[in-house]
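# Okay, here's the prediction I keep looking at, along with the sequence it came from:
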Amino acid sequence: MSFRTSPSAIDYVEDVSPGSGALPPRAWYASSDAKSLSLNGSWRLRVSPTADAEDDSFAEPGFDAGDWAEVAVPGHWVLQGDGAFGLPIYTNHLYPFPVDPPHVPTENPTGDHLHLFDLPEDWPSEGGSVLRFDGVESCARVWLNGTDIGEFKGSRLPHEFTVGHLLKPSGNVLAVRVHQWSAGSYLEDQDQWWLPGIFRDVTLLHRPAGSVLDFFVNASYDHITGEGTLRVDSDVDGRVSVPALDIDVATGETVTAAVQPWSAEVPKLYDGELVTEGERVPLRIGFRTVELADGLIKVNGRAVLFKGVNRHEWHPEKGRALDLETMRADVLLMKRHNLNAVRTSHYPPHPAFLDLCDEYGLWVIDECDLETHGFTEQAWRDNPVDDDRWTPALLDRAARMVERDKNHPSVVIWSLGNEAGTGRGLTAMAEWIHGRDASRLVHYEGDWNSRDTDMYSRMYASHAEIEQIGQELDGGTHKRRELPFILCEYGHAMGNGPGGIADYQELFEKYDRLQGGFIWEWIDHGITHPELGYAYGGDFGEELHDGNFVCDGLVFPDRRPSPGLLEFKKVIEPVGIEGDGTDGTVRVTNKQDFADLSAFAFEWSYQVDGETVESGSLSVPALAPGASADVKLPEPPADHGGGESQWTVRALLAADTAWGPEGHEVAWGQLPGTARALPSIAASDGPVPGDGVITLGPASFDARTGALRTIGGVEVSGLRLDVWRATTDNDEGAEWQTGTRYAELWRKYGLHRMRHRLDGVEVGDDALTVRTRVAPAAWEFGLAAVYRWTSDGNRLKLTVSVGPEGEWPVPLPRLGVRFGLAQADGVKWYGGGPGEGYPDTKSASRLDRWESTVDGLQTPYLRPQENGARADVRWAELGGLRIEGDPEFFLTARRWTTEQLDAAAHLTDLKAVETVWVNLDHALHGIGTGSCGPGVLPQYQLRAEPVEFSFVFSEIS
Ligand code: GAL
């Protein structure tokens with residue numbers, strides 16, 4: 001035994017090999033009877049600045065680590081100790097070290113971890129033991145009781161070591177040296193925080209003589225005969241039993257029985273057991289057959305439409321060290337929001353997550369821990385996936401994923417990795433996976449010719465392009481033309497958005513070849529921070545970083561759903577509920593792929609001006625997947641006072657399920673009834689000039705400027721045309737975009753600094769007219785804006801006419817009026833809600849009566865930006881005013897100005913001012929997904945065009 005550190009003692013760090021000493025990969029399972037001991041808990045830690053700063057004497061029994069820090073394992077050392085052990089670094093694709101593979105910097109933070117443990121008294125003395133690490137970033141060397149047992153790379157993959165011969169009943173010393181950077185880091189350039197540490201479980205597993213080693217559950221389903229076929233191949237012979245199916249066979253033996261298949265919609269699992277001489281292992285068997293047939297991805301004979309999301313593992317305090325409850329929370333949230341699929345971007349998740357996917361029902365694309373995106377900066381020169389020296393490491397990663405996860409029915413597709421360019425190493429991985437597991441398909445987005453893969457997959461392709469693909473007009477290789485298509489990433493959920501996902505869904509539903517997609521991404525990777533609320537890239541002083549590009553999830557870091565998730569839930573709902581309200585029927589469509597509608601109960605209600613006047617249940621046949629029916633609605637209530645009316649039909653869970661309670665809403669639709677009468681007032685009062693003031697009905701104006709001052713007792717300040725919004729991440733656009741980086745264009749053309757020139761204040765018989773021209777310095781284009789005020793004595797009407805002048809080079813961010821109110825807290829409105837909605841993100845905005853506080857209207861995007869608009873508002877009440885729109889408008893109210901919102905970098909920068917700023921927008925520019933994808937579709941762009949819109953104000957008495 002030697003404790004001397006020589007330079008060669010750290011050679012493994014920069015070695016392209018996956019490591020040495022670890023056992024071959026195998027299935028991950030929890031034994032029924034073999035003992036195991038969790039080594040999670042409090043460990044001692046010492047962090048050194050370089051890989052060789054300290055010798056390895058710490059691994060020797062008797063070493064005194066009394067003055068070392070204590071940290072939690074699983075954990076990342078940079079998220080513990082308030083920065084004492086180093087800080088997180090966020091980069092999207094840039095390597096945060098010089099690119100010189102396989103070399104890494106001398107400055108290589110190295111965490112020496114020590115854990116002392118005793119064996120439980122009932123730990124058997126016979127048999128062997130295995131020490132398992134489920135995840136260590138990025139490279140570890142391990143000693144047990146002073147013996148060097150090996151080293152490994154492959155951060156999000158399991159590694160096991162035989163240790164039985166080294167164990168003692170008590171006083172065992174487990175020493176793990178973890179290096180932040182290693183050759184493996186070149187293969188792990190995913191867009192996420194770099195977070196070193198032992199971040200998944202460490203477990204000691206007893207291995208009785210004759211225990212299970214590795215096994216492969218092959219459970220297929222024949223949709224023609226309704227039979228399942230089971231064969232469990234096991235390295236150690238034994239028997240397999242499935243009591244519910246009366247199965248009791250030897251391993252390796254094939255057996256057939258009538259079964260209920262597994263699908264994400266009906267995740268039927270059969271409990272079984274694998275018994276060898278020395279061990280019993282519980283099995284959860286799902287029968288299903290995945291195949292490529294008729295150019296489609298089919299499961300159990302049916303094409304699947306993926307309504308998916310990309311999920312990184314994330315917790316705002318613990319980083320990628322997730323506990324079971326957090327994983328379950330993710331799965332439940334996904335199921336409750338109608339998602340049916342997850343891509344485990346960009347590495348195999350904690351194995352317990354896949355158990356949950358099996359149990360609750362989610363299709364999984366299990367992705368290997370591989371990304372070399374940073375090589376794009378050098379035109380992919382030296383890319384490890386095209387360099388044979390790295391192939392063993394790539395194959396090791398593929399095998400560790402496939403062997404670990406092969407027994408999960410939820411896993412239907414293996415993915416080679418993400419953004420690793422192209423090369424022989426990827427081909428080798430695909431060949432190995434195809435050879436090892438013919439029961440699943442292989443995915444890799446970077447393979448545009450689908451050379452190695454079973455589907456054509458892309459990310460962020462535009463609507464127009466995927467429509468072409470849907471129509472099979474996209475060309476490509478012969479092989480690709482025969483393959484189905486998925487969008488493995490789309491709908492970049494960064495900040496406000498994503499916009500345009502309903503338009504994607506329409507295409508997915510229209511063309512068979514388009515088998516859906518996966519929103520990027522599940523959760524904002526914000527890190528809880530004492531001053532900033534949530535930190536993002538750059539907040540830890542990183543030399544290179546990509547800012548808030550790491551905050552692009554459908555849920556906020558605390559897993560509160562963002563409006564994007566609610567929009568997605570609506571867009572992908574399992575039941576279509578539509579109709580134009582004219583023929584007394586509602587068209588109900590089962591949009592599921594496997595289940596009929598029997599799990600759902602339907603309800604109707606009839607609203608007048610947003611108030612429900614009658615409701616009841618609706619009997620809908622248990623339609624088969626894909627089927628539609630026109631279901632008769634009851635007679636509408638006879639007298640409803642002439643208000644605007646509509647039907648709302650909802651689909652609810654008919655009974656409690658594993659993931660949602662009875663009554664949980666899965667889908668809804670609204671059908672119009674009687675149209676809304678637009679507010680009209682007779683201009684019976686005229687403006688009356690006074691001492692510096694003009695009065696008109698309940699209002700007073702500044703006589704010189706024509707500016708509104710009061711409506712009854714309510715002070716109103718600064719009312720004028722407004723075109724600016726605090727730019728969203730999607731307005732900012734990605735740096736590689738051209739033409740859709742609206743924020744840059746808007747600022748270039750001065751839309752954030754529009755000047756308002758007063759051209760005239762005209763006191764007419766029945767109207768006060770204020771003429772203005774609104775335009776930015778330096779440019780000749782502008783907007784003629786005329787405010788025409790009239791009153792019937794009680795109410796005040798503003799009609800705004802806008803006429804573009806000159807050539808408008810860009811769309812407008814917004815078009816409406818903004819004003820300040822001295823006070824406002826509660827807000828009521830009749831219109832779209834409860835959450836925000838923009839032209840291309842308002843599928844989930846439901847016409848109803850809503851209430852909120854001003855604070856409650858804000859959406860807390862981690863980087864503050866335009867948010868919170870309520871769409872299709874007929875009327876709103878706030879700050880003592882009632883406002884009716886002609887036509888409907890977007891309502892926004894906040895305790896800060898747009899300029900303050902625009903300037904803030906974190907939510908903690910927003911300080912409430914006295915005034916509540918209200919925007920009443922006739923129109924808004926769409927949101928799009930330009931932060932990493934296509935911009936705003938033409939139909940949602942706000943062009944400068946002649947337009948007129950009105951608001952009727954009255955004081956609430
Ligand atoms: C993709 C990549 C993801 C993420 C996303 C942008 O190109 O695969 O990891 O970086 O863009 O957020």
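Sure thing, it's come through.
# can you map out the helices along the stretch 201-350 of the chain?
324-336 (DSSP state H, counting those that start in this stretch).
# how about the residues of it near the ligand?
Taking Cβ under 6 Å from any ligand atom as the measure of proximity, the stretch 201-350 of the chain contacts the ligand at residue 346. Bear in mind the C-beta positions are built from the backbone N, C-alpha and C, glycine included.
# ok, and what's touching stretch 688-701?
Stretch 688-701 has contacts (Cβ atoms under 8 Å, 6 or more residues apart in numbering) with 685-687, 702-704, 706-712, 763, 768, 789-796, 953-955.
# Just the buried residues from those residues, in PyMOL please.
PyMOL command restricting those to the buried ones, with burial defined by 16 or more other Cβ atoms under 10 Å:
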select buried, resi 685+686+687+703+706+707+708+709+710+711+712+763+768+789+790+791+792+795+796+953+954+955
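# which residue packs closest to residue 911, ignoring adjacent ones?
residue 896 (7.2 Å; Cβ to Cβ, 6 or more residues apart in numbering).
# Report the secondary structure element holding the one you found.
Assessed by DSSP states H and E, residue 896 sits outside every helix and strand.
# and if you look at residue 669?
Applying DSSP H and E, one finds residue 669 within strand 665-672.
# Residue 540 now?
Per DSSP H and E: nothing holds residue 540, as it lies in no helix or strand.
# Tell me, what's the model's pLDDT at it?
If you check residue 540, the pLDDT there is 98.
# can you tell me how far it sits from the ligand?
Taken as Cβ to the nearest ligand atom, to the nearest Å, the spacing of residue 540 relative to the ligand amounts to 19 Å.
# show me the contacts for that residue.
Counting by Cβ under 8 Å, 6+ apart, residue 540 has contacts 83, 87, 88, 89.
# Check residue 687 too.
Counting by Cβ under 8 Å, 6+ apart, residue 687 makes contact with 694, 695, 696, 701, 763, 764, 767, 768, 789.
# and the gap between the fifth one and the ligand?
Distance from residue 763 to the ligand, counting by Cβ to the nearest ligand atom: 56 Å.
# wait, doesn't residue 71 sit right on residue 45?
Yes - between residue 71 and residue 45 there is a contact under Cβ atoms under 8 Å: 4.5 Å.
# Between these two, which is the more surrounded one?
residue 45 (26 against 21; other Cβ atoms under 10 Å).
# Report the rounded mean pLDDT for the helix or strand that that one is a member of.
Assignment of secondary structure by DSSP H and E places residue 45 within strand 41-50. Across strand 41-50, the average pLDDT comes to 98.
# now the helix or strand following it and strand 41-50, what's the angle there?
Using DSSP H and E, the next helix or strand after strand 41-50 towards the C-terminus is strand 69-73. Between strand 69-73 and strand 41-50, the angle comes out at 120 degrees (axes from the mean of the first three to the mean of the last three Cα atoms, to 10 degrees).
# Do I have it right that residue 406 meets residue 216?
Yes - if you go by Cβ under 8 Å, residue 406 and residue 216 touch, sitting 5.7 Å apart.
# joint contacts of these two?
residue 27.
# Can you check what pLDDT the model gives the residue of the stretch 151-300 of the chain found nearest the ligand?
Relative to the ligand, the nearest point of the stretch 151-300 of the chain is residue 191 (3.1 Å; Cβ to the nearest ligand atom). Listed pLDDT for residue 191 reads 98.
# repeat for residue 905
pLDDT at residue 905 comes out at 98.
# part of a helix, is it?
No - judged by DSSP: H, G, I helix; E, B strand; the rest coil, residue 905 forms no part of a helix; its state is coil.
# Okay, it and residue 895: tell me how far apart.
Applying Cβ to Cβ, to the nearest Å, the value for residue 905 to residue 895 is 18 Å.
# So which of these two has more stuff around it?
Legend: neighbour count by other Cβ under 10 Å for residue 905 and residue 895, higher for residue 895 (19 against 15).
# Residue 905 and the ligand: what is the separation?
From residue 905 to the ligand the distance is 19 Å (Cβ to the nearest ligand atom).
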